[in-house]
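Enquirer: Build me a model:
(chains A, B, C and D)
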There are 2 protein chains.
Amino acid sequence: MGVKTMLRAIFPAPDHDHKRCTSTAIAHAEARCAARAQRLTPIRRHVLETLLASHNPLGAYEIIERMADKKGRPAPITVYRALDFLRDNGLVHRIESRNAFVACVHNHSGDALIVFLICERCGAVGESPGDAVAQALKASSRAAGFSPKSPLIEIVGICSHCRQR
Amino acid sequence: MGVKTMLRAIFPAPDHDHKRCTSTAIAHAEARCAARAQRLTPIRRHVLETLLASHNPLGAYEIIERMADKKGRPAPITVYRALDFLRDNGLVHRIESRNAFVACVHNHSGDALIVFLICERCGAVGESPGDAVAQALKASSRAAGFSPKSPLIEIVGICSHCRQR
DNA sequence: CGCTTCTTGCTGCAGTGCAACATAAAAAGG
DNA sequence: CCTTTTTATGTTGCACTGCAGCAAGAAGCG
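Expert: Modelled structure (predicted):
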């Protein structure tokens, strides 16, 4: 696997096959919900699609904006409830440092640590493999008698695409 | 340095000499502001003292509550401005995942990575040495062509004091 | 069909955070 | 010492975030 391919896997390149990556993610969401006997209702699917269409984190009210059509817009609580559902099922992550949400494009195995790399220039969010970081964190935590739980950390910086400009 | 001492350095024990740790922190704040030609005004000092008195992260409006007296309470913006000042000078950290603020009890050297260990039971926040984690993160980021900036990560879990109960 | 459970719609509100402008206080300069 | 400039605080107001609580509708099940 070349470097370029690897980068693509982490930060979605601007020119990637977006239609395909979206449909893959939706299919994955359907499969996961079916396996868990959860219902991916039209609203929930619509919220997920909205996030997938952006590839960048969106605030709740930004999602509402983008979901609006002639028939009006969903109420905030409606979107929040859909987001709760999607998060519970590992299909969406919340970016704490931005009060925003992003669709998950990977199959996370249970409790693996996730490292979000957030570009402060373009706002893109990449997910980095965090095994080594997880090890270091675990060791560091244990030294403090601490039992970590949340496998999710956020790092702000500049992404490869923005730096090359 | 024994383990117990080390733990104390990370999670303040419930029975530690709080008066002393507070006055030390205030003295440090004064020194740092003096060195930077910044003014630790009464309001800013009061906000810092409020945070120090808690040792746990406080929301902005919780700070306002605790600062209230017969003469009324500070306006939100007043507290936010003081918090901005204290953060700019490295005396206070913002806990993103909680929309809360905590007084910093260490002398952070410039750009060292800070790991916050947040106890989900008692809400206490400890700071863990993050050198190993920082190394792993740097390596992981570089693999993605990413230049990290914010040296601050938050881990939720159970602290040693709560687990022992 | 009737019951339970899940989902959505609706109203309302509490917490967060700051913009914009006015005023006071402190530092700098002559 | 007084003026000018900078810095800090006060005041009003508002936009955004997130959810509680209740009512109504839809889906699954015996």
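Enquirer: Can you name every helix or strand that the longest helix anywhere in chain A contacts?
Expert: Secondary structure assigned by DSSP state H gives helix A:18-35 as the longest helix of chain A. Applying 3 or more CB pairs under 8 Å, 6 or more residues apart in numbering or on different chains; DSSP states H and E, one finds that helix A:18-35 contacts helix A:42-54. Quick note: C-beta positions are derived from backbone N, CA and C, even for glycine.
Enquirer: which bits of chain A sit near DNA strand D?
Expert: Within chain A, the positions adjacent to DNA strand D are A:39, A:59-62, A:75-77, A:80, A:84, A:94, A:99-100 by CB under 7 Å from any atom of the strand.
Enquirer: residues from chain A in reach of DNA strand C?
Expert: Residues of chain A that fall close to DNA strand C, judged by CB under 7 Å from any atom of the strand: A:38-39, A:41-44, A:74-78, A:81-82, A:85.
Enquirer: how about those in JSON lines, adding neighbour count, secondary structure and distance to B:F146?
Expert: Below are the residues of chain A next to DNA strand C laid out as JSON lines (neighbours: other CB atoms under 10 Å in any protein chain shown; DSSP: H, G, I helix; E, B strand; the rest coil; distance: CB to CB, whole Å):
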{"residue": "A:Q38", "neighbour count": "16", "secondary structure": "coil", "distance to B:F146": "33"}
{"residue": "A:R39", "neighbour count": "10", "secondary structure": "coil", "distance to B:F146": "37"}
{"residue": "A:T41", "neighbour count": "12", "secondary structure": "coil", "distance to B:F146": "36"}
{"residue": "A:P42", "neighbour count": "8", "secondary structure": "helix", "distance to B:F146": "36"}
{"residue": "A:I43", "neighbour count": "15", "secondary structure": "helix", "distance to B:F146": "34"}
{"residue": "A:R44", "neighbour count": "23", "secondary structure": "helix", "distance to B:F146": "31"}
{"residue": "A:P74", "neighbour count": "17", "secondary structure": "coil", "distance to B:F146": "34"}
{"residue": "A:A75", "neighbour count": "10", "secondary structure": "coil", "distance to B:F146": "37"}
{"residue": "A:P76", "neighbour count": "12", "secondary structure": "helix", "distance to B:F146": "33"}
{"residue": "A:I77", "neighbour count": "9", "secondary structure": "helix", "distance to B:F146": "35"}
{"residue": "A:T78", "neighbour count": "14", "secondary structure": "helix", "distance to B:F146": "35"}
{"residue": "A:R81", "neighbour count": "15", "secondary structure": "helix", "distance to B:F146": "33"}
{"residue": "A:A82", "neighbour count": "25", "secondary structure": "helix", "distance to B:F146": "30"}
{"residue": "A:F85", "neighbour count": "20", "secondary structure": "helix", "distance to B:F146": "31"}
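Enquirer: got these as JSON lines, with distance to chain B columns?
Expert: Shown next, in JSON lines, are these (distance: CB to the nearest CB, whole Å):
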{"residue": "A:Q38", "distance to chain B": "24"}
{"residue": "A:R39", "distance to chain B": "29"}
{"residue": "A:T41", "distance to chain B": "28"}
{"residue": "A:P42", "distance to chain B": "31"}
{"residue": "A:I43", "distance to chain B": "27"}
{"residue": "A:R44", "distance to chain B": "24"}
{"residue": "A:P74", "distance to chain B": "24"}
{"residue": "A:A75", "distance to chain B": "23"}
{"residue": "A:P76", "distance to chain B": "18"}
{"residue": "A:I77", "distance to chain B": "19"}
{"residue": "A:T78", "distance to chain B": "23"}
{"residue": "A:R81", "distance to chain B": "21"}
{"residue": "A:A82", "distance to chain B": "21"}
{"residue": "A:F85", "distance to chain B": "20"}
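Enquirer: Farthest-apart pair in the residues of chain A next to DNA strand D, please.
Expert: A:R39 and A:N99 (26.9 Å; CB to CB).
Enquirer: so A:A134 touches A:A112, yeah?
Expert: Yes - counting by CB atoms under 8 Å, A:A112 is a contact partner of A:A134 at 7.4 Å.
Enquirer: Sketch out the low-pLDDT regions of chain A for me.
Expert: A:1-9, A:107-111, A:150-151 (pLDDT under 70).
Enquirer: quick one, strands of it?
Expert: Secondary structure of chain A, counting by DSSP state E: strands at A:92-95, A:100-103, A:114-119, A:125-129, A:147-148, A:152-158.
Enquirer: Mind checking those strands for the one nearest to B:A27?
Expert: Using CB to CB, the nearest of those to B:A27 is strand A:152-158, at 31.7 Å.
Enquirer: Each with direction, which strands does that closest one pair with?
Expert: Strand A:152-158 sits in its sheet next to strand A:114-119 (parallel), strand B:147-148 (antiparallel), going by DSSP bridges.
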